[in-house]
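**Q** Sharing a model that was predicted from the sequence below.
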Amino acid sequence: MEKKVIIAHDVTVRFAGDSGDGMQITGTLFSKNSGSIGTDVNTFPDYPSEIRPPIGTLYGVSAYQVHFGSKKMNTMGDKIDVLFAMNAASLKVNIPNLKDGAIIIVNADGFGTKNLNLAKYEQNPLTDGSLKGYEVHAINIPELMKEELSNLSLQVNQIDRTKNFFALGLAFWLFNQPLEHTIDWLKGKFGKKVEIFESNVRALKRGYRFGEESEGFSYRFEIPTAQMQKGFYRNITGNEASALGLVAASKKAQLPLYLGSYPITPATEILHHLSGYKQYGVKILQAEDEIAGIASAIGAAYAGNLAVTTTSGPGLSLKVESLGLAVIMELPLVIVDVQRAGPSTGMPTKPEQGDLLMAMFGRHGEAPIPIIAAQSAVDCFYASYEASKIALKYMTPVIVLSDGYLAQGTEPWKVPTLDELPEIHFNLAKDANTYQPYKRDPETLSREWSIPGMIGFEHQIGGLEKENVTGIVTQDPKNHQLMVELRAKKVEGIVKDVPDVMIEGEQEGDILILGWGSSYGAIKNTFDKLTNMGHKLSFVHLRWLNPLPANLGEILSKFKRIFIPEMNLGQLKWIIQAKFLRETIGYYKVQGKPFTAIEIEDELLKLLNEKV
Amino acid sequence: MTKIQENFEATKKINTTELTAKDFKTPLDVRWCAGCGDYSVLAQLQKLFPTLGIPKENFAVVSGIGCSSRFPYYVDVYGFHTMHGRALPVASGMKIANPDLSVWVITGDGDGMAIGGNHFIHAIRRNMDIKILLLNNEIYSMTKGQYSPTSPQGLKTKSSPFGVVDYPFNPVALSLGSGSTFVARTSYSNPKHLSYVLKRAAEHKGIAFVEIYSNCVIFTDGIFDQWTDKNYMDENAIFIEDNQPLIFGKNKDKGIIIENFAPKVVDLNDPNVNREDLIVHNEKNQAIAQMIGSMSYDDDLPRPFGIFLNIEKPSYDFLINKQIGDIVEKYGTGNIDELLKGSESWEIK
């Protein structure tokens, strides 16, 4: 049967099912396949914090969203074009995010009385007309698969478990994508378990064939490839990118990498990845608690490693005392905070930008720490690399802010080689005869790093205030003020290594959008859309939050209105107003979900329509 | 070879001069109270270090917060005075980063048993190759006299004016229970024993825990006298030695036997007592260590001093670095460009 082909440039697909339905792997494989055939991809996994919540429930729904197309995909996609729903609950929770006329592909087997009850449906949505505005395809996948796998001796539940690969096969048909990469992947994964491999390959092919043969599907999509620079690409999550950025920095600096960390969602994958890099000499202590994680990293930094600790908000709270020690010891240390919705346990798997002010001020005493925020999954690599570089150059702890959205979302990354990355220098003590622990480099104000094992550099320091230059313990009042000021000046001086920010759009005028962190994608999409429509707008996105770029004040002065969207209640707004004495307009979303471009667009249109 | 290792090599020269205790003293004035037990420990450690055959630059002394935690300022090696309770994780990071270091943690009963309790049990559990000296004075002295986790019940302090209600920790038992490979108890008051125990601790590969009674002249003066004052100690303390029966008393006329699975004091002059029934200490035997360790805080039994346990097992810092070495040997040093590229990359031409 000849099917119509529709050219599409921008599609959002969501695979949704029960936590045990394998939706995460389905989404991951779909996004990898989409990337490898040359479309740009941005993804986001969305799953409950429970590991295997009760089957069929609304809170047990696990989903993976893939936004892909022929241009740069800056976000996970606002509204869903195609939804795969494995049961009633996964349909119900995703209906609010569907585009009008969206394609819904459901596993009809997941809509029995029990499933409907668990999803709190009084009537079957597949038959009661409530899905009228959508194109619905109801397929009893297990039934088809039972027939397909009849000559293999599989249990009913084993057959049922192939339904995600059926869905993946159908998705590949719908978007005209090849099956080979996924079959190769299955071979690598299940090659030795012949029956599992065979059943999943058959499911994949059966899904594909279903699209081809079924009269219900009268058309399929063709996505032109995106314009991408030449080079090697891979899909990467923010957490893996952070891990790689750290190990790349350690190789560049020729220092061993040390990680002291305690598992915490959504930062744990950084620990997982780094634990696998033994061939790269990475030393790990999975500590007994968050405090031991950072304290051991301080010890490793003292002993000459590039030391790192990774955490999320509640963990950063526990590390606060240690941050003070790292500041006064002036040791290089990287702290990666993958922010999640708080306070307290809050919503552990959901993103938020709620830790900015804690990163900025969450200390006892005057203890400034540089802060860099990653703006995309890929940027987690460059942010953690840059943090390592600054930490070593200036002998200071540096906080990297990521969040749950960047951490788990993926996008294709044009992979650099180590040679292409900036050099990393550190100020190792050289002359034992003239060495003094707090003698500073006149330009960077960085003290020298002398490490146990180096002859003649023995010295005794700690958390007590110390005399300038000599490092000898003292409570001299004027010396304390001097040391506090020197530490502050050192961190302010990092501005020399912070690139000036560039204004996108109008160089001066009415509205400047000022963003930071993971909301880059949503803001950028909105900005592109509105400027293409002819609106006059400007956009600056901050990576360095402490110190702020040197030219920021001048830029702010060129605009009448500063619009700051944040996933908190105005924390960057607070800093900007305090620092530059400027009124700003905040826009806040604290729902454990990233901004959608539409939300920011609506808000900006309101502003644009106001007369100033 | 990393940059740091190159630097180590470059600065290595043959040190021909014999070092003495003097070389391990810093020019700073020691600021403990006159008569503080900590002086004795400092002196013994400064004497010990030059005898160990370890290059001076490979020593690191790490502490938390409290009177005894001022220790690093007085020993002329790499010294790091960290945070309250956190000396052990800091020291662990140092030791993992550089397993060649000889790392000594100086802590107290507040720093080690209260705020640092979690780190204490876990550093021991991992058998980090670190020496822990717990200078126990049974009081918080630096904050001017509140009861600590080792203060005896009933002790009147500023925060327990009507007497302590808490039950105390037995640091030796806690250390044994956490899986320590070396556990000892000694006292500031007995320099010879202190020096011997510290040397044995230094020679031990793996975690070495030494509880050292250290009298606080201000807040708990005399609290250890019954076990440390030469007028009383013979009758109240027992010094255990490997392969020797448990005998104590001024005239060596008392011993310890097991009765109903519990230690019991017997009179060796009693004709019904058979010397062969006496417990014979064995540093390699965990059950004996636990049993003797449990004799603390029992008024009917003498307080044991000496080395309770000394067994061998590989330390965390050794194992983690060995794991890296083994993997590098098997698969080669990783190529960072290959790691960045990953196994599922594609090329846009």
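**A** That came through, no problem.

**Q** Where in chain B is the helix or strand with the lowest mean pLDDT?
**A** helix B:3-11 (a mean of 65; mean pLDDT, DSSP states H and E).

**Q** helix or strand right after that helix?
**A** Next along the chain after helix B:3-11, taking DSSP states H and E as the criterion, comes helix B:38-48.

**Q** any idea how far the residue of the stretch 1-150 of chain A found nearest chain B lies from B:Glu344?
**A** Residue of the stretch 1-150 of chain A nearest chain B, by C-beta to the nearest C-beta: A:Ser36 (4.3 Å). Backbone N, C-alpha and C define where each C-beta goes, glycine included. With the distance defined as C-beta to C-beta, to the nearest Å, A:Ser36 ends up 8 Å from B:Glu344.

**Q** which stretches of the stretch 501-612 of chain A form helices?
**A** Along the stretch 501-612 of chain A, the stretches classed as helices by DSSP state H, counting those that start in this stretch are A:520-532, A:552-556, A:571-580, A:597-609.

**Q** do chain B as well
**A** B:3-11, B:38-48, B:87-97, B:109-110, B:117-125, B:171-177, B:191-203, B:225-228, B:233-236, B:286-293, B:316-331, B:336-341 (DSSP state H).

**Q** Could you dump those helices into JSON lines with distance to chain A and mean neighbour count added?
**A** Formatted as JSON lines, the helices of chain B follow (distance: least, C-beta to the nearest C-beta, whole Å; neighbours: other C-beta atoms under 10 Å in any protein chain shown):
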{"stretch": "helix B:3-11", "distance to chain A": "4", "mean neighbour count": "15"}
{"stretch": "helix B:38-48", "distance to chain A": "13", "mean neighbour count": "21"}
{"stretch": "helix B:87-97", "distance to chain A": "3", "mean neighbour count": "32"}
{"stretch": "helix B:109-110", "distance to chain A": "16", "mean neighbour count": "29"}
{"stretch": "helix B:117-125", "distance to chain A": "4", "mean neighbour count": "22"}
{"stretch": "helix B:171-177", "distance to chain A": "15", "mean neighbour count": "23"}
{"stretch": "helix B:191-203", "distance to chain A": "17", "mean neighbour count": "18"}
{"stretch": "helix B:225-228", "distance to chain A": "30", "mean neighbour count": "19"}
{"stretch": "helix B:233-236", "distance to chain A": "35", "mean neighbour count": "18"}
{"stretch": "helix B:286-293", "distance to chain A": "23", "mean neighbour count": "19"}
{"stretch": "helix B:316-331", "distance to chain A": "4", "mean neighbour count": "15"}
{"stretch": "helix B:336-341", "distance to chain A": "5", "mean neighbour count": "18"}
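
**Q** Redo these as CSV? Include distance to A:Ala377.
**A** Listed next are the helices of chain B as CSV, based on distance: least, C-beta to C-beta, whole Å:
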stretch, distance to A:Ala377
helix B:3-11, 31
helix B:38-48, 51
helix B:87-97, 29
helix B:109-110, 45
helix B:117-125, 34
helix B:171-177, 45
helix B:191-203, 49
helix B:225-228, 62
helix B:233-236, 67
helix B:286-293, 50
helix B:316-331, 28
helix B:336-341, 15
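
**Q** If you average pLDDT over each of those, which is lowest?
**A** Among those, helix B:3-11 has the lowest mean pLDDT, at a mean of 65.

**Q** got JSON lines for the helices of the stretch 501-612 of chain A, with distance to A:Gly60 too?
**A** Putting those into JSON lines (distance: least, C-beta to C-beta, whole Å) gives the following:
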{"stretch": "helix A:520-532", "distance to A:Gly60": "28"}
{"stretch": "helix A:552-556", "distance to A:Gly60": "45"}
{"stretch": "helix A:571-580", "distance to A:Gly60": "33"}
{"stretch": "helix A:597-609", "distance to A:Gly60": "27"}
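
**Q** just the ones you listed: most buried one?
**A** Ranked by mean neighbour count, the helices of the stretch 501-612 of chain A are led by helix A:520-532 with a mean of 21 (mean count of other C-beta atoms under 10 Å in any protein chain shown).

**Q** Just name whatever secondary elements that one is in contact with.
**A** On a contact count with 3 or more C-beta pairs under 8 Å, 6 or more residues apart in numbering or on different chains; DSSP states H and E, helix A:520-532 meets strand A:504-505, strand A:509-516, strand A:538-542, helix A:597-609.

**Q** now what about it, what contacts it?
**A** For helix A:520-532, contacts defined as C-beta atoms under 8 Å, 6 or more residues apart in numbering or on different chains pick out A:42, A:74-76, A:375-376, A:379, A:504-505, A:513, A:515, A:537, A:539, A:541, A:565, A:594-597, A:599-601, A:604-605, A:608.

**Q** If any of those residues are buried, give me the ChimeraX selection for them.
**A** Buried residues within the contacts of helix A:520-532, by 16 or more other C-beta atoms under 10 Å in any protein chain shown, are selected in ChimeraX with:
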select /A:42,74,75,76,375,376,379,504,505,513,515,537,539,541,565,594,595,596,597,599,600,601,604
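
**Q** quick one on the thing from earlier: take the helices of the stretch 501-612 of chain A and write them to CSV, including mean pLDDT.
**A** Listed next are the helices of the stretch 501-612 of chain A as CSV, based on pLDDT from 0 to 100:
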stretch, mean pLDDT
helix A:520-532, 96
helix A:552-556, 98
helix A:571-580, 98
helix A:597-609, 95
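
**Q** how about the nearest residue to residue 118, chain neighbours excluded?
**A** Here I'm looking at chain A. A:Gly56 (4.0 Å; C-beta to C-beta, 6 or more residues apart in numbering or on different chains).

**Q** Oops, wrong one, chain B.
**A** Using C-beta to C-beta, 6+ apart, the closest residue to B:Asn118 is A:Glu288 (5.5 Å).

**Q** got the angle for the helix or strand encompassing A:Arg14 vs helix A:520-532?
**A** Using DSSP H and E, A:Arg14 sits in strand A:10-18. Counting by axes from the mean of the first three to the mean of the last three C-alpha atoms, to 10 degrees, strand A:10-18 lies at 150 degrees to helix A:520-532.

**Q** What strands line up against strand A:10-18, and which way round?
**A** strand A:61-69 (antiparallel), strand A:80-85 (parallel) (DSSP bridges).

**Q** distance of A:Leu174 from chain B?
**A** 21 Å (C-beta to the nearest C-beta, to the nearest Å).

**Q** confidence score at that residue?
**A** A:Leu174 is given a pLDDT of 98.

**Q** From A:Leu316, how far off is the residue nearest in space to the middle of chain A?
**A** The centre of chain A sits closest to A:Leu406, judged by C-alpha atoms, centre = their mean, with a distance of 1.2 Å. Going from A:Leu406 to A:Leu316 by C-beta to C-beta gives 16 Å.

**Q** do A:Leu608 as well
**A** Distance from A:Leu608 to A:Leu316, by C-beta to C-beta: 37 Å.

**Q** Then A:Leu556?
**A** 28 Å.

**Q** now B:Lys205
**A** 36 Å.

**Q** More neighbours: those two, which one.
**A** A side-by-side neighbour count of B:Lys205 and A:Leu316, using other C-beta atoms under 10 Å in any protein chain shown, places A:Leu316 first with 27 against 14.

**Q** list the contacts for the more buried one?
**A** So A:Leu316 contacts A:Ile335, A:Asp337, A:Asp355, A:Met358, A:Ala359, A:Gly362 (C-beta under 8 Å, 6+ apart).

**Q** quick one: what helix or strand has it in it?
**A** Assigned by DSSP H and E, A:Leu316 belongs to helix A:313-329.

**Q** what is the rounded mean pLDDT of that helix?
**A** Here the average pLDDT along helix A:313-329 is 98.

**Q** Which SSE is immediately downstream of that helix?
**A** strand A:333-339.

**Q** pLDDT averaged over that following strand - what is it?
**A** Per-residue scores along strand A:333-339 average to 98.

**Q** for it, packing partners?
**A** Secondary elements touching strand A:333-339 (3+ C-beta pairs under 8 Å, 6+ apart): helix A:238-253, helix A:290-302, strand A:306-311, helix A:313-329, helix A:379-394, strand A:397-403, helix A:404-408.
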